[in-house]
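A.B. asks: fold the stuff below for me.
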Amino acid sequence: MGAAPQAPRTRVTARARDLRFDAGSLSLNLVATAGRRPVGPLERMGDAERLAAWCGGVGLTPAPGYDPDALLRSLHALRDAAYDIASSLLDGRRPSPASVNLVNELAAPEPPAPRLELTPDSVRPAPGSALLPEDALLSVVARDLIDLVSDASRRERLTRCASEVCRMLYLNPPSGRPRQWCSMRRCGNNAKAAAHRRRKAATDEGRRAPESGST
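C.D. replies: Prediction:
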């Protein structure tokens with residue numbers, strides 16, 4: 001067997017550990033809670049505080065009394081399955097049957113229907129209608145992944161960040177120029193800065209070469 005691929009050496013900064021909410025879909029935002037896949041995954045949602053921050057960022061509210069550790073384990077398992085399935089679409093391979101079975105199992109429960117209620121002056125979401133039991137929350141995320149796989153237009157927009165360090169999966173916008181990087185402010189700027197350093201190093205080396213050859 002060949003050696004496992006090695007991730008480029010780079011510092012793990014606080015920014016690298018930031019949660020990402022710009023992948024273009026709920027299920028891909030979950031996948032993005034583990035950075036730098038497939039080599040050396042970086043955990044971004046490893047405790048109850050990060051779990052609450054992620055749920056708030058994607059607009060999912062667990063029902064009171066949920067067990068953060070149990071929900072984290074379930075989301076991590078769903079995250080691995082979602083990554084396996086989504087990346088298989090880009091790599092032209094067959095995902096693991098276990099991943100497909102898990103997504104189908106978690107998608108089976110029917111999420112509660114949202115409800116409205118009248119107020120004296122207008123209308124508003126009914127209190128508690130957005131609270132999701134654990135099985136319903138997992139179902140919402142799993143169904144989003146199934147919708148992504150089922151929608152040809154969304155599948156065609158699925159891509160992977162060109163940064164060898166990042167490799168985040170995301171959806172390109174439906175119109176406009178496809179993005180090479182997950183974020184111009186992040187990986188795009190890093191790539192441009194690295195290219196500038198390489199050009200400068202090559203220029204400096206070219207200037208030194210004639211000097212070293214002189215007598």
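
A.B. asks: what sits against the residue nearest to residue 90 when sequence neighbours are not counted?
C.D. replies: In this structure, residue 90 finds its nearest non-sequential neighbour in residue 160, 5.7 Å apart by CB to CB, 6 or more residues apart in numbering. Placement of C-beta: from N, CA and C, glycine included. Contact analysis of residue 160 by CB atoms under 8 Å, 6 or more residues apart in numbering lists 87, 90, 167-170.

A.B. asks: pLDDT score for residue 160?
C.D. replies: Predicted confidence (pLDDT) for residue 160: 96.

A.B. asks: and it, its phi and psi?
C.D. replies: Dihedral angles of residue 160 (phi, psi; degrees, to the nearest 10) stand at phi -130, psi 140.

A.B. asks: and what of the one 10 residues further on?
C.D. replies: Dihedral angles of residue 170 (phi, psi; degrees, to the nearest 10) stand at phi -160, psi 170.

A.B. asks: isn't it right up against residue 28?
C.D. replies: Yes - using CB atoms under 8 Å, residue 170 makes contact with residue 28 at a distance of 6.0 Å.

A.B. asks: neighbour count winner among those two?
C.D. replies: residue 170 (25 against 22; other CB atoms under 10 Å).

A.B. asks: for the more buried one, list each beta-bridge partner.
C.D. replies: As for beta bridges, residue 170 partners with residue 159 under DSSP bridges.

A.B. asks: three-state assignment of residue 117?
C.D. replies: Here residue 117 is recorded as strand under DSSP: H, G, I helix; E, B strand; the rest coil.

A.B. asks: give me the number of residues near it?
C.D. replies: Residue 117 has 10 neighbouring residues, counting by other CB under 10 Å.

A.B. asks: name the nearest residue to it, sequence neighbours excluded.
C.D. replies: residue 126 (4.4 Å).

A.B. asks: contacting residues around the one you found?
C.D. replies: Residue 126 is in contact with 115-117, counting by CB under 8 Å, 6+ apart.

A.B. asks: mind putting the residues you listed into JSON lines with pLDDT and distance to residue 19?
C.D. replies: What follows is these, written out as JSON lines (pLDDT from 0 to 100; distance: CB to CB, whole Å):
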{"residue": "115", "pLDDT": "88", "distance to residue 19": "29"}
{"residue": "116", "pLDDT": "93", "distance to residue 19": "30"}
{"residue": "117", "pLDDT": "93", "distance to residue 19": "32"}
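
A.B. asks: go ahead and flag the most central residue of the protein.
C.D. replies: residue 32 (2.1 Å; CA atoms, centre = their mean).

A.B. asks: that one reaches residue 26, doesn't it?
C.D. replies: No - at 10.7 Å, residue 32 does not count as touching residue 26 under the criterion of CB under 8 Å.
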